[in-house]
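A.B. asks: everything below, folded, please.
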Amino acid sequence: MSDVQDLLKAQLSNPSEDIARMVLSAAGMHPDVLQKTISTGTGLVAYDLQAPAKNLYPVNTPLRNKIPRVGGGTGTATNWRQVNAIYGSGYDAIGWVPEGQRSGQMSYSTSNKAASYVTLGEEDGATFEAISAGRTFEDIQAKMTMRLLQKTMLKEEMAILGGNNSLQLGTPSAPTLSASGSGATLPAATYSVIVVALTLEGYRNSSVLNGVATTKTITGADGKTFVLNGGSSNKSTNATQAVTLGQTLFKSVAPITGAVAYAWFVGLAGSEVLQSITTNNSYAISAPLVTGTQAATTVTTDCSTNALGFNGLLTTAFASGSNAYVKALATGTAGTGTFLTASGRGSCNEVDAMLLNMWNIYQVSPTVIYCNAQELQNLTNRCLSGGTSSLLNYFQDPKAGEVRLTAGGMIEFYFNPFAMDGGIKIPIKIHPFVPPGTILGWCENLPIQYQNNEVPNVVEMKMRQDYYQIDWPILTRQRQVGVYAEGVLAVYAPFAMGVITNIANG
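C.D. replies: Residues are numbered from 1 along each chain as shown. Here you go, the predicted structure:
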């Protein structure tokens, strides 16, 4: 203790920082607590935390918001009977009858339809400590339930657009390969290529980084497990191609109905790994292969459907016998694909063909077109090419007193002349889940010529039980909540849809 007293006396006569640190150290105190003055670095400050938490995630569900939700569902499925066509006696288009005689009897084409109810939902939990610690910041339980509902809505939106209960992709054919050109840096070798087709669910669930989604075992909050398929086909057989230094390796596969994307596995035979996912049916490699995170050997079976779900709009249109307009553009040049083409009169040939077909066969027209941002840009480039500038209208507000120009215009409507009473303007809308390379046209209401059709909604969510919240009994020190809905997408007029796929970007 006398040593400390001697150091204190020395500090009083020579108050240097070094001596002060020696004093504190001798007294068993950490020297870093010494500060010349109090500053913000001392740490004696308040913490400015803005409440509540910022929810910086999009909840964009245009189909769920627009499609009518009809309650009253019972049993395991909703059922209906439809009259597909009526046929006159004799010659169907000739109605002449002799004086005093009776016509023959007409006939009908009818069919039974059914759509099974399914359940979708999401769960979450919050510990009692989290609830207590969040007090005055945000209502943890209320916000947890809000986010649960939002996530359930997002999953329902995806289901409405691309849910797949029945359309199996199967196994793609072996890809077609070729090598040509010069200047590429792909090393010389004999390469093996395998392809896997993806549904919309598969495209959304897969990436080059994380691999193609096959199956996933889910452990529920009750401890029970179930299996979900990721939305991928089985893998094709491999094809091989010798490549010399400087050549580009080109690959293509026959389009598969129901697929909106394709995953490409490339490497030496037996060592193929995932290289790319494309939204058309071809791919070209000119640079050295990436290491890859998924081997083709991990894909062993078709995982494209889920028995627990229902068919969404795209799947319903793709299904055999739907009578919807479905057009996959041709393969074109491998690695490039087939682009949308301009008509030269301010429209797109491929969209015009869809509209004409829907009118000629069923006398319907889409009332809305959904597409990816990429396809909106491609459509704009085709419809507003230099040769069509004279077809554009120019408007000036006389009250403005000056001319104002805005750059970067996009088409907002697509005019369809193939409709009763002079045609209609179809709004074109970006949908966050529609993949690049796909355009969906949808007739939301049957036109007036479908008299007494008894179809108030061309498409509806038929609900056995709409959104409901379950506050589970407390079995541990957590508040656990589930948000669920029980229903099915009922599409009464599949022919009122049109889909164009396999569109190249450009």
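
A.B. asks: list the buried ones in stretch 449-462?
C.D. replies: 450, 455, 457-462 (16 or more other Cβ atoms under 10 Å). Yep, even glycine has a C-beta here, placed from its N, CA and C like the rest.

A.B. asks: what about those, which are in strands?
C.D. replies: Among the buried residues of stretch 449-462, the residues falling in strands (DSSP state E) are 459-462.

A.B. asks: would you map out the domains in the chain?
C.D. replies: What automatic domain parsing lists as the domains of the chain is 62-76+111-167+311-388+408-501, 176-298.

A.B. asks: hey, which of those domains is tucked in deepest?
C.D. replies: For the domains of the chain, the largest average neighbour count (mean count of other Cβ atoms under 10 Å) is found in domain 176-298, namely a mean of 19.

A.B. asks: ranges for the helices of the stretch 101-250 of the chain?
C.D. replies: 128-133, 140-162, 200-205 (DSSP state H, counting those that start in this stretch).

A.B. asks: tell me the centre residue of this structure?
C.D. replies: residue 433 (2.7 Å; Cα atoms, centre = their mean).

A.B. asks: so who does the nearest residue to it once chain neighbours are set aside touch?
C.D. replies: Nearest non-adjacent residue to residue 433, counting by Cβ to Cβ, 6 or more residues apart in numbering: residue 161, 5.3 Å away. Counting by Cβ atoms under 8 Å, 6 or more residues apart in numbering, residue 161 makes contact with 63, 200, 312-314, 431, 433-434.

A.B. asks: quick check, nearest of those to residue 55?
C.D. replies: residue 433 (19.8 Å; Cβ to Cβ).

A.B. asks: you'd agree the closest one is up against residue 205?
C.D. replies: No: using Cβ atoms under 8 Å, residue 433 is not in contact with residue 205; the gap is 11.9 Å.

A.B. asks: returning to what we had before: just put the domains of the chain in JSON lines and tack on distance to residue 51 and mean pLDDT.
C.D. replies: Below are these laid out as JSON lines (distance: least, Cβ to Cβ, whole Å; pLDDT from 0 to 100):
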{"stretch": "domain 62-76+111-167+311-388+408-501", "distance to residue 51": "5", "mean pLDDT": "93"}
{"stretch": "domain 176-298", "distance to residue 51": "28", "mean pLDDT": "96"}
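
A.B. asks: for those domains, give me JSON lines that also has distance to residue 49.
C.D. replies: Listed next are those as JSON lines, based on distance: least, Cβ to Cβ, whole Å:
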{"stretch": "domain 62-76+111-167+311-388+408-501", "distance to residue 49": "7"}
{"stretch": "domain 176-298", "distance to residue 49": "30"}
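
A.B. asks: which of these sits closest to residue 55?
C.D. replies: With Cβ to Cβ as the yardstick, what comes closest out of the domains of the chain is domain 62-76+111-167+311-388+408-501 (7.4 Å).

A.B. asks: got the end-to-end distance for that closest one?
C.D. replies: 21 Å (Cα to Cα, to the nearest Å).

A.B. asks: nearest to residue 43, of the ones in strands among the buried residues of stretch 449-462?
C.D. replies: Nearest member of these to residue 43, counting by Cβ to Cβ, is residue 461, at 55.1 Å.

A.B. asks: residue contacts, that closest one?
C.D. replies: Counted by Cβ under 8 Å, 6+ apart, residue 461 has contacts 64, 67-70, 160, 487-490.

A.B. asks: just put those residues in TSV and tack on secondary structure and distance to residue 504.
C.D. replies: Listed next are the contacts of residue 461 as TSV, based on DSSP: H, G, I helix; E, B strand; the rest coil; distance: Cβ to Cβ, whole Å:
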residue	secondary structure	distance to residue 504
64	helix	30
67	coil	31
68	coil	36
69	strand	37
70	strand	40
160	helix	27
487	strand	37
488	strand	35
489	strand	30
490	strand	34
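
A.B. asks: just the strands in the stretch 51-200 of the chain please.
C.D. replies: For the stretch 51-200 of the chain, the strands defined by DSSP state E, counting those that start in this stretch occupy 69-70, 77-87, 107-116, 118-127, 176-180, 189-198.
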